[in-house]
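[1] Return atomic coordinates for the entry below.
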Amino acid sequence: MAYDPENIFAKILRGKMPAHKVYEDDEVFSFMDIFPQARGHTLVIPKTEAENFFDISTDWAAKLIGKTQVVAKAVRAALEPDGILIAQFNGAAAGQTVFHIHYHIIPRWEGAGLPGHGHTVRADDEELAALAAEIKAKLGGA
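    Numbering: from 1, shown residues only. As a prediction, the model looks like this:
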C-alpha cells in the first residue's frame, strides 16, 4: 500500500483536522487520542510520510522514538500511572487503523482493564483538552 496523504494524521499535520495538541516541534506532533484505551492515551506522529515502521528511515525512526520517550515521561509525570504501555502497529492485520506511523502512549493502572485498540468510544473534548494541558505542563520546555 502506498502512503495516503489524505489519512487523518496527515490532515491533522496540515491543520485540516483538529487535535488536542500535547507537543510539537519540527520533527513530531503529539496529541490526545480521541478514542482512548485509557485516560491520558496520547499519540506521537512524525512529520514525514511513512505508513509504518518498515517505511520510515532509520534516522526518522530514531527521532520518533526519542520524542515518544519525551512525551511518555510527561504523561507519566502528569498522570502518575502504575505503568505505561508504548505500542506501535504495522499493517491492518496487526491492528493498525491509521496508515501513518505513530506510537501510542497508554497509561495503565493496576486492576483497570484495557479495551482493545479501536474498540472504544469517543472521549469528551473538554476532558481531552484538560489532559493535554496537564501533560504539556510536565514537558518542562521540551
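
[2] and Phe29, what helix or strand is that in?
    If you go by DSSP states H and E, Phe29 is part of strand 28-32.

[3] Summarise which helices and strands that strand is packed against.
    Other elements packing on strand 28-32 under the criterion 3 or more C-beta pairs under 8 Å, 6 or more residues apart in numbering; DSSP states H and E are helix 8-13, strand 21-24, strand 42-46, helix 58-79, helix 125-137. Every residue, glycine included, has its C-beta placed from N, CA and C.

[4] Helix or strand next in line after the longest one, which one?
    The element immediately downstream of helix 58-79 (helix or strand, assigned by DSSP H and E) is strand 83-87.

[5] Would you mark the buried spots in whatever helix or strand comes next after that next one?
    Downstream of strand 83-87, the first helix or strand assigned by DSSP H and E is strand 103-108. Within strand 103-108, the residues scored as buried using 16 or more other C-beta atoms under 10 Å are Tyr103, His104, Ile105, Ile106, Pro107.

[6] Next: stretch 133-142.
    For stretch 133-142, using 16+ other C-beta under 10 Å, the buried residues are Glu134, Ile135, Lys136, Lys138, Leu139.
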